[in-house]
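1. need a 3D model of the following:
(one chain, ligands or ions: 1)
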Amino acid sequence: MSIIGKMQDWPLTVNKVIEHAKINYPRQRVITRTVEGPIVEKTYSEIYDRSKQVSNALKGDGIKKEDRVATLAWNGCRHMETWFGAMGIGAVLHTINPRLHPDQIAWIANDAEDKVLFVDLTFLPLIEAVKDKFETVERFVIYCDPENMPATELKNAIAYELYIDGQSQECVWGDFDETTPCGLCYTSGTTGNPKGVLYSHRSNVLHTLMTGMTDALGISIHDRVLPIVPMFHANAWGLTFACPAIGAEMVMPGPAMDGASIYEMLTKYKVTISAAVPTVWLMLLQHLEQNDLQLPDLTRVVIGGSAVPERILRTFQDKYGVEVGHAWGMTETSPLGTIGSLTPEQKALDYDSQITAKLKQGRPPFGVEMKIVDDEGKDLPRDGETSGHLLVRGMAVVDTYYKGAGGDGGSVLDEDGWFDTGDVANLDDQGFMQITDRSKDVIKSGGEWISSIDIENFAVGHDKVANAAAIGIYHPKWDERPLLIVQLHEGQTATKEEILKQLEGKIAKWWTPDDVAFVDAIPLGATGKINKLALREQFKDYKLPTY
Ligand code: ADP
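-> From the prediction side, this is the model:
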């Protein structure tokens with residue numbers, strides 16, 4: 001006879017996160033700078049109640065399980081209510097990145113077959129310009145109250161506060177399987193059309209537990225968290241779920257992402273933890289420096305999305321006493337893949353060696369597996385030096401893109417279940433991973449790989465350099481040689497020699513760029529990263545002086 005006894009089957013659905021917050025942290029707040037201007041405060045209890053109203057309003061519009069509901073919005077509590085309201089009834093919340101081209105936004109909404117689109121006032125002109133291109137959206141909900149509702153010809157447009165006004169706060173949530181899809185986020189499409197990653201309730205809940213581990217994002221109920229990373233950029237790196245799950249208060253920046261506005265939110269609300277891509281931190285650090293300001297409350301920043309330059313890391317830690325957690329991830333990994341919390345062995349090293357370790361992308365939390373392989377798919381050693389294609393698998397990693405994109409209609413994994421990240425990295429024997437490049441950005445010189453990331457990071461270490469990008473340019477002997485493209489800080493001038501001197505001794509001699517080109521502005525993509533595709537196009541006919 002088999003053994004009798006059983007644990008509960010407690011479906012891992014994300015509505016449980018906000019339910020938990022409602023019961024246990026009812027008075028903890030989400031503080032939002034709104035597009036209209038005022039800063040508003042809502043408790044988790046109020047957010048829960050208003051999310052239920054969103055659910056009922058959506059149900060009134062005929063939205064049911066697996067229907068797609070889209071948002072085009074900044075970080076804010078109304079946006080959060082829409083997430084929990086839609087996900088709670090089993091609809092799929094699709095975050096659209098407003099920094100994409102309007103035609104691409106319409107393309108994505110059509111591909112997703114979005115039925116309702118919630119939009120911030122900021123983006124109204126943007127979608128009105130392409131309003132006839134939306135083929136499936138039946139209703140546009142504008143994030144504002146009726147007094148601030150502008151005249152618009154968008155289909156069935158209604159002010160958000162009117163949309164949910166009078167709706168009941170009773171609604172059954174989570175009455176479905178944990179593998180039901182709940183979120184949809186498209187990759188930025190640097191190669192071809194964007195591909196949708198369809199998160200399930202289960203993967204989002206597991207990702208929430210993962211981010212909540214001490215050595216991951218390091219958040220406690222005593223923290224106040226400012227997610228600068230947008231909710232449309234891989235779920236604000238999971239913070240929209242992690243904070244209510246932990247009980248931490250949130251401070252939402254709304255549309256104001258400049259250095260002065262971020263500083264204001266950080267200090268006024270005594271924020272202890274924040275997360276953003278390096279370009280945002282550069283703006284904040286510049287603002288602090290120019291105005292001789294300090295960050296008395298901030299204890300930790302999570303930086304990811306692209307590699308953290310040493311200058312940012314050291315300035316945060318040495319000048320402002322703020323610990324940096326360098327993270328790596330992708331839309332496809334929900335997104336947390338690694339974070340650079342030091343191991344005891346690394347902590348015992350001298351400070352400079354700790355910095356060297358922290359400049360790496362970090363180690364995977366439980367639930368993420370990684371390995372590196374060569375061009376033939378053969379496993380490579382974890383020696384901290386050998387570079388190879390980085391493969392991942394885990395409990396919140398993509399299997400099949402939405403509608404089977406990029407995988408002939410099916411899974412994009414190899415036969416052992418590994419997902420190829422498109423990144424090139426090395427791994428060491430305590431799990432630390434270092435990205436050396438993206439496969440398509442690697443510069444191939446004489447059959448050997450040159451890391452564009454290393455060159456860029458050392459270049460931005462120069463005082464005069466605001467941003468830098470290294471790309472491969474045709475060379476008759478070596479196939480490709482690096483060209484360093486540099487954007488100087490305003491009002492600065494510099495010579496090629498001066499910039500290259502900065503790299504001396506830091507990179508292998510043969511990695512030294514063959515030339516330096518100065519530009520007014522390095523183009524950034526929709527997630528704030530350097531747009532190498534645009535740069536390669538801009539410099540496609542560039543002739544290096546070395547042949
Ligand atoms: P996209 O592919 O649209 O840029 P993601 O935001 O999902 O979308 O970006 C994932 C990619 O960003 C990774 O594959 C990697 O190339 C890069 N990336 C993310 N974090 C880091 C980091 N800390 N260091 C270097 N590269 C990073």
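2. just checking, Phe539 touches Ala470?
-> No. Phe539 is not in contact with Ala470 according to CB atoms under 8 Å; the separation is 11.1 Å. Where you see a C-beta, it was placed from the backbone N, CA and C, and this is true even at glycine.
3. higher neighbour count, the two?
-> Ala470 (30 against 16; other CB atoms under 10 Å).
4. next, the more buried one: secondary structure please.
-> When classified by DSSP: H, G, I helix; E, B strand; the rest coil, Ala470 comes out as strand.
5. count of residues packed around the nearest residue to Tyr25 once chain neighbours are set aside?
-> The shortest distance from Tyr25 to any residue other than its chain neighbours is 3.9 Å, reached at Gly247 (CB to CB, 6 or more residues apart in numbering). Neighbour count of Gly247, defined by other CB under 10 Å: 17.
6. wait, doesn't Gly247 sit right on Asn24?
-> Yes. Using CB under 8 Å, Gly247 is in contact with Asn24, at 6.5 Å.
7. what residues does this protein have near the ligand?
-> Within the chain, the positions near the ligand by CB under 6 Å from any ligand atom are 187-188, 190, 234, 304-307, 326-331, 335, 361, 421-423, 435, 438, 527, 529.
8. if we go to 5 Å?
-> When proximity is defined as CB under 5 Å from any ligand atom, the chain approaches the ligand at 187-188, 304-307, 328, 330-331, 361, 423, 435, 438, 527.
9. now flag whichever of the residues you listed is closest to Asp103.
-> The closest of the residues of the chain next to the ligand to Asp103 turns out to be Ser188 (CB to CB; 14.9 Å).
10. tell me the SS of Gln294?
-> Per three-state DSSP, Gln294 ends up coil.
11. ok, the closest residue to it other than its chain neighbours - contacts?
-> Leaving aside its sequence neighbours, Gln294 sits nearest to Tyr320 (CB to CB, 6+ apart; 6.7 Å). For Tyr320, the contact set (CB atoms under 8 Å, 6 or more residues apart in numbering) comprises Leu288, Gln294, Leu295, Leu298.
12. ok, the residues you listed vs the ligand, which is closest?
-> Distances from the ligand to these, taken as CB to the nearest ligand atom, are shortest for Leu298 (19.7 Å).
13. residues in contact with stretch 146-160?
-> With CB under 8 Å, 6+ apart, stretch 146-160 has contacts from 36, 78, 118, 121, 124, 127-128, 131, 134, 137-145, 161-162.
14. ditto for stretch 501-521
-> Stretch 501-521 is contacted from outside by 445, 448, 450-451, 454-455, 458-459, 461-462, 465, 470, 473, 475, 481-488, 494, 496, 499-500, 539, 542, 544-546, using CB under 8 Å, 6+ apart.
15. for PyMOL, write the selection for the buried entries among those.
-> The following PyMOL line selects those of the contacts of stretch 501-521 that are buried, judged by 16 or more other CB atoms under 10 Å:
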select buried, resi 445+450+451+454+455+458+459+461+462+465+470+473+475+481+482+483+484+485+486+487+488+494+499+500+539+544
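16. other SSEs contacting the strand or helix carrying Lys22?
-> Per DSSP states H and E: Lys22 is located in helix 15-24. Applying 3 or more CB pairs under 8 Å, 6 or more residues apart in numbering; DSSP states H and E, one finds that helix 15-24 makes contact with helix 44-60, helix 77-88, helix 201-211, helix 239-246.
17. need those in a markdown table (columns: mean pLDDT and mean neighbour count).
-> Formatted as a markdown table, those follow (pLDDT from 0 to 100; neighbours: other CB atoms under 10 Å):
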| stretch | mean pLDDT | mean neighbour count |
| --- | --- | --- |
| helix 44-60 | 98 | 22 |
| helix 77-88 | 98 | 27 |
| helix 201-211 | 98 | 23 |
| helix 239-246 | 98 | 26 |
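18. from the structure, what's the count of residues near the nearest residue to Ala405 once chain neighbours are set aside?
-> For Ala405, the nearest residue in space outside its immediate sequence neighbours is Lys195; the separation is 4.3 Å by CB to CB, 6+ apart. A count of neighbours around Lys195, defined by other CB under 10 Å, yields 22.
19. phi and psi next, for Lys195.
-> Note on Lys195: backbone dihedrals following degrees, to the nearest 10 are phi -110, psi 140.
20. just the pLDDT at it, thanks.
-> Lys195 carries a pLDDT value of 92.
21. contacts only, for it.
-> Listed by CB under 8 Å, 6+ apart, the contact set of Lys195 reads Tyr186, Thr187, Gly189, Tyr401, Tyr402, Ala405, Gly406.
22. got it, and Thr208?
-> Counting by CB under 8 Å, 6+ apart, Thr208 has contacts Val14, Val17, Gly238, Phe241, Ala242, Ala245.
23. ok, the fourth one touching Asn15?
-> Spelled out, that is Phe241. No. Between Phe241 and Asn15 there is no contact under CB under 8 Å: 10.9 Å.
24. list residues touching both of those two?
-> Contact criterion CB under 8 Å, 6+ apart; residues shared by Phe241 and Asn15: none found.
25. so which residues of the stretch 151-300 of the chain form helices?
-> Assigned by DSSP state H, counting those that start in this stretch, the helices in the stretch 151-300 of the chain fall at 160-164, 201-211, 239-246, 259-268, 278-291.
26. could you tell me the average pLDDT over the shortest one, please?
-> Pointing back at helix 160-164 there. 98.
27. which other helices and strands contact the lowest-mean-pLDDT helix or strand in the chain?
-> Across the helices and strands of the chain, mean confidence by mean pLDDT, DSSP states H and E is lowest for strand 448-450: a mean of 82. For strand 448-450, the packing partners by 3+ CB pairs under 8 Å, 6+ apart come out as strand 443-445.
28. kindly recompute the last result at 10 Å.
-> Packing partners of strand 448-450 (3 or more CB pairs under 10 Å, 6 or more residues apart in numbering; DSSP states H and E): strand 433-438, strand 443-445, strand 479-488.
29. moving C-terminal of that strand, what's the next helix or strand?
-> Where DSSP H and E defines the elements, the next helix or strand beyond strand 448-450 is helix 452-459.
30. which helices and strands does that next one pack with?
-> helix 310-314, strand 433-438, strand 465-475, strand 479-488, helix 496-503.
31. which one, of these, ends up nearest to Lys42?
-> For Lys42, the closest of the helices and strands packed on helix 452-459 is helix 310-314, at 32.4 Å, according to CB to CB.
32. contacts for that closest one?
-> With contact meaning CB atoms under 10 Å, 6 or more residues apart in numbering, helix 310-314 is reached by 278-279, 281-282, 284-285, 301, 303, 323-324, 326, 340, 351-352, 355-356, 358-359, 457-458, 460-463, 465, 506.
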